[in-house]
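>>> attaching a predicted model along with its sequence, questions to come.
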Amino acid sequence: MPEPPVILAKGTGAATAAGHAGTASGGPGGAKVFAPWNDPDAKPLVEFRSVTKLFGEVAAVDDLSLKIYPREFFALLGPSGCGKTTLMRMLAGFESPTHGEIWLDGKELTGTPPNRRPVNMMFQAYALFPHLSVADNIAFGLRRDGLPKGEVAERVEQMLALVQLHGLATRRPHQLSGGQRQRVALARSLAKRPKMLLLDEPLGALDKKLREQTQFELVSIQERLGTTFLIVTHDQDEAMTVADRIAVMDQGRLVQVAPPAQIYEYPTSRYVADFLGDVNLIEGRVAAMAAENARLTWCEGRPDFTCPANPDLKPGDTAWFGIRPEKVAIDKDMPPDRPGQNAVEGTVWDIGYVGNLSTYHVKLDDGQMVRAQVANRVHLARREISWEDRVWLSWGKDDGVLLAR
Amino acid sequence: MRRFTWFNATSITLGFVFLYLPIILLVIYSFNDSRLVTVWGGFSGRWYGEALRNDAFLSAAWNTLQVALVTATVATVLGTLAAIVLVRGGRFLGRTLFGGMVYAPLVMPEVITGLSLLLLFVSLDVPRGLMTIMLAHITFAMCYASVVISARLVSFDRSLEEAALDLGCNQFSAFLRVTLPNILPSIIAAWLLSFTLSLDDLVIASFTSGPGATTLPMRIYSQVRLGVTPEINALSSMLVGLVTVGVIVASLISKRAETRRLAAERAAR
Ligand SMILES: Nc1ncnc2c1ncn2[C@@H]1O[C@H](COP(=O)(O)OP(=O)(O)O)[C@@H](O)[C@H]1O
Ligand SMILES: [Mg+2]
């Protein structure tokens, strides 16, 4: 199973992504895990209360409520057009909610213009001022605040150091590469030390290598400054890499809000399961529901699956069993029958090879396709499973999820 | 496109001859030593000297310059405001009507513009003079200015203004510090265009001027009715030179700004 990205050590050194149980404390060595969302006394920095934004008849954001906590790196994830940018622009003050309230640091924001909000935004296309040098771009906000000259210069220096752009202070934006412009935009939006930084698809214009590298830099900058970051992205890997919590959006609503590992391992809907990563979904009918485990009838005449319980379901309900391809084992022989182990037989239909991984597309005897993903530890030539082979797929009783919708 | 053919060469030559032969003749004859306009009497620059010593011409030129300067400045300011409202104002009641009304004078026959303004001034009992010419010129030059400036504003990236707001500007200072520097070339171009339009207008000025407020084109026109003199040729040549320089500078400025902007945008990808 893939380890969730453990890079968010929130100043404690305890590199533990908050697990599915979401314990607020008690990581390795007793160090406190960063999970204010589980603490009922924690004060949110930002709170959306039933916010709706209508453009004409269309609800870009639909009755959405959300709390974001100080020092959090929060990701809004969703397909294009689901309302991510609109949500962010309401927080920045460029759009106002049709209904509902937005609270920031204990104050309701309605009517506060963008220049009076203690948030700054890094724009999707950077929006650097073409007529100003890098240094003047970064100093722009500081000068508007009337900071003394010396302090402005000092802060600009700090910011250039933070984003590693020494020596480029006098350049104009059009003399920079895409990656450099992205850094200037970041420096400019951080220069005023906002309570919260909004990043709208900040890495969308960079190529893959640079993007991955920059993701880690963003995390490290966020940890050093302790600023709350709200990032908008449609790239699930990016959200998983950088965020403490991810909110998955669909058509203006939040579908699930949880830490990356939880959202990956325990999605609450087919939409989320499918949106983050790859998933096999098998439709069936609930045969039995106990406290720990449920049984799902998925094909007449075959043994039922044993899977984790879902309190939203009762026997007789239609449900979907979801399991990640990397959790499905593939064998030529029937696996030993252990209690709770699920096993099905099928025929290898296709093999997808991507170097480090192979994905086996196996057609079950009732026609459904199930994918199993295996790390290629032996050389390709010595691989023992081939096209058309009869194989057994198996997984443990707790390896998947049972979904009601 | 770029291939040389006799057809292309001929048509372009004919076109340019048609457009510029009269002006070239005018300039050539302005250096004619002879008093008779149609007889070549050798090369001389004396008519330029004569023209510059003619008090009637000089005062007309001074009037024209005053009118053109005021017109260009006021029309550019008003044109900029109109462009901002039209491009940035979003949808407001009467937007289409306002847009149409701003651009209507572009296609209005000058005689009609001049006549209606004259009627207005007469009925309001405004004493006619330089002031009324300026008002008249501002009305039509403003339309041209707003066309030039709104063309630039349309392509101006709105998120730059939002970035300025986000970093602490209010609407006004965002415009001053971010929008204005970036659309400045088009504003300069609009100023030069308005200046030239006002400089060579005869029809509207004739309708709206009063005693003592004679502009250079009006002076030239009235002189020509008494017969073309070499002095007029010299004066007209100077005017042609001034207008040419104005137009060339305006187009160079906007062209250079455009190339720079395109380069910056290409780099931004
Ligand atoms: N200014 C606007 N006017 C009208 N519709 C808008 C406007 N901004 C966004 N929308 C609509 O709202 C929806 C959400 O847009 P957006 O927030 O930009 O989505 P995302 O950032 O997730 O791609 C889309 O259907 C979009 O067309
Ligand atoms: Mg967007």
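Great, that's in hand. Ligands and ions are numbered 1, 2, ... in the order given.
>>> any idea which helix or strand in chain A has the lowest mean pLDDT?
Least confident helix or strand of chain A, by mean pLDDT, DSSP states H and E, is strand A:293-297 with a mean of 81.
>>> could you spell out the sheet neighbours of it, each with its direction?
strand A:280-289 (antiparallel), strand A:305-308 (antiparallel) (DSSP bridges).
>>> winner for burial among these?
Compared across these, strand A:305-308 shows the largest average neighbour count, a mean of 22 (mean count of other C-beta atoms under 10 Å in any protein chain shown). Placement of C-beta: from N, CA and C, glycine included.
>>> dump that one to CSV, restricted to CA.
Output in CSV follows, covering the C-alpha atoms of strand A:305-308 (Å, rounded to 0.1, in the frame of the first residue of the first chain):
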residue,chain,number,x,y,z
PHE,A,305,-17.3,-10.3,-0.5
THR,A,306,-16.4,-9.5,3.1
CYS,A,307,-15.7,-5.8,3.5
PRO,A,308,-15.6,-3.1,6.1
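>>> got the buried residues for the helix or strand following it?
Following strand A:305-308 in sequence order, the next helix or strand is strand A:318-323 (DSSP states H and E). Within strand A:318-323, the residues that qualify as buried by neighbour count (16 or more other C-beta atoms under 10 Å in any protein chain shown) are A:319-323.
>>> surely B:Val243 is in contact with B:Asp201?
No - using C-beta atoms under 8 Å, B:Val243 is not in contact with B:Asp201, being 11.4 Å away.
>>> who does A:Trp392 form a beta bridge with?
A:Asp331, A:Glu345.
>>> got the buried residues for stretch B:242-262?
The neighbour-count check on stretch B:242-262 (16+ other C-beta under 10 Å) flags B:242, B:246, B:250, B:253-254, B:257, B:261 as buried.
>>> ok, residues contacting that stretch?
If you take C-beta atoms under 8 Å, 6 or more residues apart in numbering or on different chains as the criterion, stretch B:242-262 is touched by A:130, B:148, B:184-186, B:188-189, B:192-193, B:195-196, B:199-200.
>>> just those: which are in helices?
Among the contacts of stretch B:242-262, DSSP state H puts B:148, B:184-186, B:188-189, B:192-193, B:195-196, B:199 in helices.
>>> doesn't A:Leu402 fall inside a strand?
Yes - according to DSSP: H, G, I helix; E, B strand; the rest coil, A:Leu402 belongs to a strand.
>>> quick one, what contacts it?
Residues counted as contacts of A:Leu402 (C-beta under 8 Å, 6+ apart) are A:286, A:294, A:296, A:307-310, A:313, A:319-322.
>>> okay, now the residue in the stretch 101-250 of chain B that ligand 1 sits nearest to: neighbour count?
As assessed by C-beta to the nearest ligand atom, ligand 1 sits closest to B:Arg158 within the stretch 101-250 of chain B, at 10.7 Å. B:Arg158 is flanked by 13 other residues according to other C-beta atoms under 10 Å in any protein chain shown.
>>> again with B:Phe18
Residues near B:Phe18, counting by other C-beta under 10 Å, number 9.
>>> tell me the secondary structure for it?
Following three-state DSSP, the label given to B:Phe18 is helix.
>>> ok, back up a step: ok, of the contacts of stretch B:242-262, which come out buried?
Buried members of these, scored by 16+ other C-beta under 10 Å, are A:130, B:148, B:185-186, B:188-189, B:192-193, B:195-196, B:199-200.
>>> quick one: low-confidence parts of chain B?
Low-confidence segments of chain B, defined by pLDDT under 70: B:1-2, B:261, B:264-269.
>>> hmm, try it at 80
Across chain B, the stretches falling below the confidence threshold (pLDDT under 80) are B:1-4, B:35-39, B:88-96, B:98-99, B:101-102, B:227-229, B:246-247, B:250, B:254, B:257-269.
>>> quick one on the thing from earlier: need the strands paired with strand A:293-297 in CSV (columns: mean pLDDT).
Listed next are the strands paired with strand A:293-297 as CSV, based on pLDDT from 0 to 100:
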stretch, mean pLDDT
strand A:280-289, 84
strand A:305-308, 84
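>>> nearest to ligand 1, of these?
Closest to ligand 1 of the strands paired with strand A:293-297 is strand A:280-289 (C-beta to the nearest ligand atom; 24.4 Å).
>>> got the buried residues for the helix or strand containing B:Phe98?
B:Phe98 is part of helix B:95-107 when elements are defined by DSSP H and E. Buried residues in helix B:95-107, counting neighbours by 16+ other C-beta under 10 Å, are found at B:99, B:102-103, B:105.
>>> just the element for residue 218, please.
No chain was given, so I picked chain A. Per DSSP H and E, A:Leu218 falls inside helix A:208-225.
>>> meant chain B, my bad for not saying
Using DSSP H and E, the element containing B:Met218 is helix B:216-225.
>>> picking that back up, output the least confident helix or strand of chain A as PDB, nothing but the C-alphas.
Taking C-alpha atoms only, strand A:293-297 is exported to PDB below (Å, rounded to 0.1, in the frame of the first residue of the first chain):
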ATOM      1  CA  ASN A 293     -17.800  -6.100   8.600                       C
ATOM      2  CA  ALA A 294     -20.400  -6.400   6.000                       C
ATOM      3  CA  ARG A 295     -21.100  -8.900   3.300                       C
ATOM      4  CA  LEU A 296     -21.800  -7.900  -0.300                       C
ATOM      5  CA  THR A 297     -23.500 -10.100  -2.900                       C
END
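>>> returning to that earlier point: could the ones in helices among the contacts of stretch B:242-262 go into JSON lines alongside distance to A:Arg405?
Converted to JSON lines, those look like this (distance: C-beta to C-beta, whole Å):
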{"residue": "B:Val148", "distance to A:Arg405": "57"}
{"residue": "B:Leu184", "distance to A:Arg405": "57"}
{"residue": "B:Pro185", "distance to A:Arg405": "57"}
{"residue": "B:Ser186", "distance to A:Arg405": "55"}
{"residue": "B:Ile188", "distance to A:Arg405": "61"}
{"residue": "B:Ala189", "distance to A:Arg405": "60"}
{"residue": "B:Leu192", "distance to A:Arg405": "66"}
{"residue": "B:Leu193", "distance to A:Arg405": "64"}
{"residue": "B:Phe195", "distance to A:Arg405": "69"}
{"residue": "B:Thr196", "distance to A:Arg405": "69"}
{"residue": "B:Leu199", "distance to A:Arg405": "74"}
